[in-house]
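Chemist: Whatever this is, show me its structure:
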Amino acid sequence: MNIGVWVAVGAAIGTGIGTSIGIALGNVSMGTSMGVAVGAGIGAALGARASETRRKRDGDGKS
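Modeler: Numbers count the residues shown, from 1 in each chain. Got it, this is the predicted structure:
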């Protein structure tokens, strides 16, 4: 998967978690936006790590 897919997946998961937290705290929009931001960040980090691991495994400079 390329990094854009990872970011999208992370944002989607973060949206769900953030919305749940927002409902619990009584501020859904803030929880959702925080969840999207955190999820996208985690997705980007996982995507970068996965592509680096794949590069090392394949032994070439391409992702």
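
Chemist: quick one: the helices in this protein?
Modeler: 3-25, 28-58 (DSSP state H).

Chemist: Can you list the low-confidence ranges for the protein?
Modeler: For the chain, applying pLDDT under 70 flags the ranges 1, 59-63.

Chemist: Recalculate using a threshold of 90.
Modeler: Along the chain, the model assigns pLDDT under 90 to residues 1-4, 6, 46-63.

Chemist: how many other residues sit next to G14?
Modeler: Neighbourhood size, G14 [other Cβ atoms under 10 Å]: 22. Just so you know, the C-beta spots here come from the backbone N, C-alpha and C atoms, and that holds for glycine as well.

Chemist: For it, which non-adjacent residue is spatially closest?
Modeler: Of all residues not flanking G14 in the chain, G39 sits nearest, at 1.7 Å (Cβ to Cβ, 6 or more residues apart in numbering).

Chemist: wait, isn't the one you found in contact with A8?
Modeler: No: judged on Cβ atoms under 8 Å, G39 makes no contact with A8 at a distance of 9.5 Å.

Chemist: Much appreciated, bye for now.
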